[in-house]
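Student: just to be clear, the model below is a prediction. Sequence and coordinates:
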Amino acid sequence: MKVQVELYGRLRESGSHLVELEVKDGATAAEVLEKLKSLLGPKAELLKGCVLATDGAVLAPGEKATFQKRLAALPHTLLPPSLGKL
């Protein structure tokens, strides 16, 4: 299954604002981030502390992410303080 991931904040230093990933159906947020890490190669360290979000919620690492075709990768610095660390 293909998902699009929009990159925000420091992640845009990777040279892209939007990437498309091929992931298994039912992939978790952590699995999508691992796939994104592979794609970013040497710039993968930019993902440290990042989370995935839908248009309505920040996803926990074990939460299924592929129910959405478009996700956002957010650095922890862009998260509201009320969310704390996931």
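Tutor: That came through, no problem. Numbers count the residues shown, from 1 in each chain.
Student: so in that sheet, which strands flank the helix or strand hosting residue 73, and in what orientation?
Tutor: Assigned by DSSP states H and E, residue 73 belongs to strand 70-74. Partners of strand 70-74 in the sheet, by DSSP bridges, are strand 2-7 (parallel), strand 51-53 (antiparallel).
Student: turn those strands into a markdown table, columns for mean pLDDT, distance to residue 45 and mean neighbour count.
Tutor: Every residue, glycine included, has its C-beta placed from N, CA and C. Putting the strands paired with strand 70-74 into a markdown table (pLDDT from 0 to 100; distance: least, Cβ to Cβ, whole Å; neighbours: other Cβ atoms under 10 Å) gives the following:
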| stretch | mean pLDDT | distance to residue 45 | mean neighbour count |
| --- | --- | --- | --- |
| strand 2-7 | 95 | 14 | 18 |
| strand 51-53 | 92 | 16 | 22 |
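Student: how about those strands in CSV, adding distance to residue 67?
Tutor: As requested, the strands paired with strand 70-74 are arranged in CSV below (distance: least, Cβ to Cβ, whole Å):
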stretch, distance to residue 67
strand 2-7, 10
strand 51-53, 12
